[in-house]
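Undergrad: just coords:
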């Protein structure tokens, strides 16, 4: 096995790597059945792997970003008038290296001075 593959595998625990292998078996069975057809080329398998990797990457990005946004669930003081403000989640598409992801960003709106602000911009 190459050093690059070993390095990539070291970013997760052996337990997570085992779960990934289980998921690979499930996805492979859904895509190809018992095994890829005899005439399947390496390029086709690699293309499938890359598309699945990009899907995993965008799903991971979205899930981690949503968890990160939970840091801002509480009220925050308005940077202009210091009144407490509650957040509302704004959704927008974000173009990533691997495709489009749904960015869920907390927006705070001050009722007193009618100012909106995003705490992630601080």
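TA: Looks like it arrived, so ask away. Note that the coordinates shown come from a computational prediction; the quantities given were computed from them, not determined experimentally.
Undergrad: next, the buried residues of the strand or helix carrying residue 64.
TA: Secondary-structure assignment from DSSP states H and E places residue 64 in helix 42-69. Across helix 42-69, burial judged by 16 or more other C-beta atoms under 10 Å covers 48, 58, 61-62, 65, 69. No exception for glycine: its C-beta is placed from N, CA and C like everyone else's.
Undergrad: how about the helices in this structure?
TA: 3-9, 14-32, 42-69 (DSSP state H).
Undergrad: and residue 101, which of those helices is closest to it?
TA: helix 42-69 (4.7 Å; C-beta to C-beta).
Undergrad: what mean pLDDT would you report for that closest one?
TA: Averaged across helix 42-69, pLDDT comes to 93.
Undergrad: what's the offset of the lowest-mean-pLDDT helix or strand in the chain from the middle of its chain?
TA: Ranked by mean pLDDT, DSSP states H and E, the weakest helix or strand in the chain is helix 3-9, scoring a mean of 74. Once both centres are worked out by C-alpha atoms, centre = their mean, to the nearest Å, helix 3-9 turns out to sit 22 Å from its chain's centre.
Undergrad: alright, calling it a day.
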